[in-house]
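In: Fold the following.
(2 chains)
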Protein chains: 2
Amino acid sequence: AVAAPAIAQSMPELKWRLQSGFPKSLDTIYGAAEVIAKFVSEATDGKFQIQPFAAGEIVGTPQVADAVGNGTIEMGHTCSYYYFGKDPTFAIGTALPFGLNARQMNAWLYHGTGNDILNEFYAKHNMYGMPAGNTGVQMGGWFRKEIKTPQDLQGLKMRIAGLAGMVMAKLGAVPQQIPGGDIYPALERGTIDAAEWVGPYDDEKLGFAKVAPYYYYPGFWEGGPAIHLFINQTKWKELPKAYQAILTTAAAYANGDMLAKYDARNPAALRRLLGAGTQLRPFSPEILEAAYKAANEVYDEVSAKNPDFKKVYESVRGFRNEEYLWFQVAEYAYDTFMIRQRARG
Amino acid sequence: AVAAPAIAQSMPELKWRLQSGFPKSLDTIYGAAEVIAKFVSEATDGKFQIQPFAAGEIVGTPQVADAVGNGTIEMGHTCSYYYFGKDPTFAIGTALPFGLNARQMNAWLYHGTGNDILNEFYAKHNMYGMPAGNTGVQMGGWFRKEIKTPQDLQGLKMRIAGLAGMVMAKLGAVPQQIPGGDIYPALERGTIDAAEWVGPYDDEKLGFAKVAPYYYYPGFWEGGPAIHLFINQTKWKELPKAYQAILTTAAAYANGDMLAKYDARNPAALRRLLGAGTQLRPFSPEILEAAYKAANEVYDEVSAKNPDFKKVYESVRGFRNEEYLWFQVAEYAYDTFMIRQRARG
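Out: All right, here's what the predicted structure looks like:
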């Protein structure tokens, strides 16, 4: 009789709503919300129920951060950079152009102060965030025509947003914001000349190859984009410690699981795309170098106006410099040999 | 009154012992056991207690698999390949020479049937295994003299074990099995000519640079070694589903956390090692190619005798071929550009 209230207090019955920023058709990235909900339910014998909703079912993707912050919903699973318009600092939680690759992003978040300084920022929006997915380097997107030099970007209408859009604009392109479902007809009609989406597994479903056959890489604006689980900060603080631990580990499971799933699914999708006529093209060194320079200009400009951005950006920049000191040694040498050996058959 | 027994049944009080295969001095890899214990305790309000023991405290590292299988201890956190002597199939759970990199290993384990086929094998030893850590590519180790060609490996006494030792033996080297603490004096006296350990962060502590200044990369025998949490299979099956979920997600947290920690710590350690006179050297293409050929011969020989090995090896080999099809595109192009740009300052 003494123990019962303690148990009731430590494992209350909760029903939370999780608004995903993604449609169910993006099954890998949307699926992470289901993975989190499943583990939390199992770990609590069903006492802590999380119900995931596909993009737009409660609020639209652009409203997820506001809805989490004001408590309309308890949680969101979405990209921090979608809220770039509220404050550009949000962008860094997902990816900076020429930022960290997926492993480096995890290293920065978990062991390089990343989670801490991002949460100082998210707290201003009454949210607590934790990493809950990564896609790996994304592709550079689909282009109707080949682009070889920075000059070829002049006037190019490209579906791309946020900081990446600002970088593209500096290079003379015209960034367009178009929802996923409207990209195909826009490319087909020539309303836009190019569009970036995710990578082979997700891109294949939208059938871009038929209307924009040149598939460029790498998506230099997303070297290892993190997807966040955002929790209303007040609700987070009220959670029993046991539920905080369960949610933290379930999100960590989803974080590794999503990357593993993309890594397992992208190769076959790429093979099918190539078989269907997709023309794979690397961005030229000239384009990458011009974009790198433009990105640094954007960072200087935004930093000059926004101290939060400056603080988080400088943390990423310093960390990146250290990370590549190490990654250029054993990791890069290993992959280089394995890639060369594979090409030899 | 009705609810109480159900709660008691679903959240029993358990005290489990976890024998780590690692000494506390390897704080990153040993620390994963503490991370798992901490989260499991928090998630269960202290009802499921896991006590980690450092290498040798209950049984020695070479006995962990037996002790987990026969129930002397409930869990071990160790490298599957340490049990290579029981059956070479154990090696594949950790790393094959020229096998998968860390991300590919996770993709294979979680979404490429890896966990399933390994657990079919571990079940024969009454264990259930789950990934619980990864070091990333290891370094090739410390050499008293430079080695430039496969001829320089002739008669070289090197501290290296398992399949990697078999590969080195085919190249004419003489593999030696020496515990971590005995490596330094053996190198100093010249009893051995070379030794592999882990990577910059762990290697730095043992001070090898003073007695064997040539630090080679990559450790081609460990492209992305997984560390396993082994659980006595009978005990695992008896666990309430909630505890299984909690353990699974805590292990997944540790899995990502260890890699993030190594990635965050290795750069500064490498910088300090270089500052202290370590001579960084890549293995030459001739050595890597000779080792690749030797590794394939080893796999053919072991596969001919061991159907379990053959089955798991072929799964890894096929998966690796698909993975590098994808990794050579966006991932490799991104890292290539970032490494080049960093070198330019």
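In: State which helix of chain A is the longest.
Out: In chain A, with assignment by DSSP state H, the single longest helix is helix A:241-275.
In: Please determine whether it lies in contact with chain B.
Out: Yes: using CB under 8 Å from any CB of the partner chain, helix A:241-275 reaches chain B at A:241-242, A:244-246, A:248-250, A:252-253, A:255-257, A:259-261, A:263-268, A:270-271. To be clear about C-beta, it is placed using only N, CA and C from the backbone, and glycine gets the same treatment.
In: Count the neighbours of A:Tyr13 for me.
Out: Wrong residue type there; residue A:13 is Glu, not Tyr. Neighbour count for A:Glu13, taken as other CB atoms under 10 Å in any protein chain shown: 10.
In: give the contact list for it.
Out: Going by CB atoms under 8 Å, 6 or more residues apart in numbering or on different chains, A:Glu13 touches A:47-49.
In: hmm, try it at 7 Å
Out: A:Lys47 (CB atoms under 7 Å, 6 or more residues apart in numbering or on different chains).
In: which parts of the longest helix of chain A are buried?
Out: A:242-267, A:269-270, A:273 (16 or more other CB atoms under 10 Å in any protein chain shown).
In: Could you export stretch A:209-229 as PDB, CA atoms only?
Out: Extracted in PDB, the C-alpha atoms of stretch A:209-229 (Å, rounded to 0.1, in the frame of the first residue of the first chain):
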ATOM      1  CA  ALA A 209      14.800  11.400 -63.500                       C
ATOM      2  CA  LYS A 210      12.200  11.600 -66.300                       C
ATOM      3  CA  VAL A 211      12.100  15.400 -66.200                       C
ATOM      4  CA  ALA A 212      15.500  16.400 -64.900                       C
ATOM      5  CA  PRO A 213      18.000  13.700 -65.700                       C
ATOM      6  CA  TYR A 214      21.200  15.200 -64.300                       C
ATOM      7  CA  TYR A 215      21.600  14.100 -60.700                       C
ATOM      8  CA  TYR A 216      24.400  16.000 -59.000                       C
ATOM      9  CA  TYR A 217      26.400  15.300 -55.900                       C
ATOM     10  CA  PRO A 218      27.300  16.000 -53.200                       C
ATOM     11  CA  GLY A 219      24.500  18.000 -51.600                       C
ATOM     12  CA  PHE A 220      27.200  20.300 -50.100                       C
ATOM     13  CA  TRP A 221      24.600  22.100 -48.000                       C
ATOM     14  CA  GLU A 222      23.700  19.000 -46.100                       C
ATOM     15  CA  GLY A 223      26.800  17.000 -45.200                       C
ATOM     16  CA  GLY A 224      25.100  15.100 -42.400                       C
ATOM     17  CA  PRO A 225      21.700  16.700 -41.500                       C
ATOM     18  CA  ALA A 226      20.300  15.900 -38.100                       C
ATOM     19  CA  ILE A 227      16.600  15.500 -37.600                       C
ATOM     20  CA  HIS A 228      15.400  16.600 -34.200                       C
ATOM     21  CA  LEU A 229      12.900  15.400 -31.700                       C
END
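In: Distance from the chain centre to that stretch, please.
Out: 10 Å (CA atoms, centre = their mean, to the nearest Å).
In: That stretch: which residues count as buried?
Out: In stretch A:209-229, counting by 16+ other CB under 10 Å, buried: A:209, A:211-229.
In: before we move on, back to that, output the contacting helices and strands for the longest helix of chain A.
Out: helix A:27-43, strand A:127-134, helix A:200-206, helix B:27-43, helix B:102-111, helix B:241-275, helix B:307-327 (3 or more CB pairs under 7 Å, 6 or more residues apart in numbering or on different chains; DSSP states H and E).
In: Determine which of the ones you listed approaches A:Arg317 most closely.
Out: helix B:241-275 (14.0 Å; CB to CB).
In: C-terminal to that closest one, what's the next element?
Out: Downstream of helix B:241-275, the first helix or strand assigned by DSSP states H and E is strand B:279-282.
In: which of the residues in the helix or strand following that next one are buried?
Out: Following strand B:279-282 in sequence order, the next helix or strand is helix B:285-305 (DSSP H and E). Within helix B:285-305, the residues that qualify as buried are B:287-292, B:294-295, B:298-299, B:302-303, counting by 16+ other CB under 10 Å.
In: Put together a markdown table for the residues you listed, with pLDDT on each row.
Out: Formatted as a markdown table, those follow (pLDDT from 0 to 100):
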| residue | pLDDT |
| --- | --- |
| B:Ile287 | 98 |
| B:Leu288 | 98 |
| B:Glu289 | 97 |
| B:Ala290 | 98 |
| B:Ala291 | 98 |
| B:Tyr292 | 98 |
| B:Ala294 | 98 |
| B:Ala295 | 98 |
| B:Val298 | 98 |
| B:Tyr299 | 98 |
| B:Val302 | 98 |
| B:Ser303 | 98 |
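In: between these, which is closest to A:His125?
Out: Among the buried residues of helix B:285-305, B:Leu288 lies closest to A:His125 (CB to CB), at 49.9 Å.
In: my read: that closest one touches B:Phe220, true?
Out: Yes: look at B:Leu288 against B:Phe220 with CB atoms under 7 Å: they come within range, at 6.1 Å.
In: so where's chain A uncertain?
Out: Along chain A, segments meeting pLDDT under 70 span A:1-9.
In: Give me the residue at the spatial middle of it.
Out: A:Pro225 (3.7 Å; CA atoms, centre = their mean).
In: what distance separates the start and the end of stretch A:58-69?
Out: Start-to-end span of stretch A:58-69 (CA to CA, to the nearest Å) is 14 Å.
In: Tell me who's in contact with A:Thr78.
Out: A:20-21, A:61, A:64, A:228, A:230.
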